[in-house]
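Undergrad: sharing a model prediction with you, sequence too.
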Amino acid sequence: MKKLNLPPYPVGIKIVDGREYLFDPVRKKDVRLTPEEWVRQNFIRYLHEEKEYPFSLMQVEKEFSWNGISWRSDILIFSPAIVPRMIVECKAPEVKLTDTVFEQIARYNMKYRVPYLLVTNGLTHYCCELDHQRQSYRFLQEIPDYSLLAQEEDKS
C-alpha cells in the first residue's frame with residue numbers, strides 16, 4: 001500500500017483465501033484491505049495515537065437514512081456524552097479532494113450537524129470548523145485534539 005502523510009502504524013495485514021485483511025480496532029474485526037480502507041485505518045490510528053480520540057467514541061461506516069436515501073459515513077466521532085462532534089470522510093490516496101468530496105460530507109452533516117468536518121486521502125487532510133448559527137465555516141491549520149473537540153460547546 002501507498003505511503004501516507006501520517007506517522008507509520010503497525011496494522012497487521014493478514015491473508016485469508018488470497019485476500020488481504022487488516023484489523024479495525026473500532027469495529028473489532030478484520031476488514032478487507034482496499035486503498036480507501038488503508039487510509040481509514042491509518043487515520044483512525046492517527047486520531048487515536050496522536051490526537052487521543054478514544055476508539056470507543058468512534059463509529060466506522062455508520063449507516064443512516066436521510067431523505068429516504070441510505071448513506072454511510074466513514075468515521076463518526078462522538079463526545080463523551082455520545083453527541084456527534086466530527087465526521088471524517090476518507091478517500092483512497094489517488095482520489096483528489098475536490099468540491100464533490102466536500103459536498104458529500106456536507107450532505108452527511110445535514111443529518112448530524114457536527115461542528116467539525118474532515119476529509120483526507122491519506123496524503124492531504126482538510127479539517128474545518130462549522131458555525132451553524134452564523135452559517136459559516138473556517139479551515140483549521142491543525143486537526144483538533146480530542147480534549148478540545150470533547151469540551152467545546154456546540155455552536156450549532
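TA: Everything's here; your move.
Undergrad: roughly how far is stretch 9-28 from the heart of the chain?
TA: Using Cα atoms, centre = their mean, to the nearest Å, the mean C-alpha position of stretch 9-28 is found 18 Å from that of the whole chain.
Undergrad: report the buried residues of that stretch.
TA: Buried positions in stretch 9-28, judged by neighbour count with 16 or more other Cβ atoms under 10 Å: Tyr9, Val11, Tyr21, Leu22, Asp24, Val26. Every residue, glycine included, has its C-beta placed from N, CA and C.
Undergrad: so which of those would you say is closest to Ser56?
TA: If you rank the buried residues of stretch 9-28 by distance to Ser56 using Cβ to Cβ, Val26 comes first, at 8.5 Å.
Undergrad: the closest one: which element?
TA: Secondary structure from DSSP states H and E places Val26 outside every helix and strand.
Undergrad: and the gap between it and Arg138?
TA: As judged by Cβ to Cβ, to the nearest Å, Val26 and Arg138 stand 28 Å apart.
Undergrad: same check, this time on Lys51
TA: 19 Å.
Undergrad: what's the end-to-end length of stretch 26-42?
TA: Start-to-end span of stretch 26-42 (Cα to Cα, to the nearest Å) is 12 Å.
Undergrad: give the buried residues for it.
TA: Buried residues in stretch 26-42, counted by 16+ other Cβ under 10 Å: Val26, Val31, Leu33, Pro35, Glu36, Glu37, Trp38, Val39, Arg40, Gln41, Asn42.
Undergrad: what's the most distant pair in those?
TA: Val26 and Pro35 (18.8 Å).
Undergrad: only alpha carbons, please: show stretch 66-73 as PDB.
TA: Taking C-alpha atoms only, stretch 66-73 is exported to PDB below (Å, rounded to 0.1, in the frame of the first residue of the first chain):
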ATOM      1  CA  TRP A  66     -31.600  10.900   5.000                       C
ATOM      2  CA  ASN A  67     -34.500  12.000   2.800                       C
ATOM      3  CA  GLY A  68     -35.200   8.300   2.100                       C
ATOM      4  CA  ILE A  69     -31.700   7.600   0.900                       C
ATOM      5  CA  SER A  70     -29.200   5.300   2.700                       C
ATOM      6  CA  TRP A  71     -25.800   6.800   3.300                       C
ATOM      7  CA  ARG A  72     -22.700   5.600   5.200                       C
ATOM      8  CA  SER A  73     -20.200   8.000   6.900                       C
END
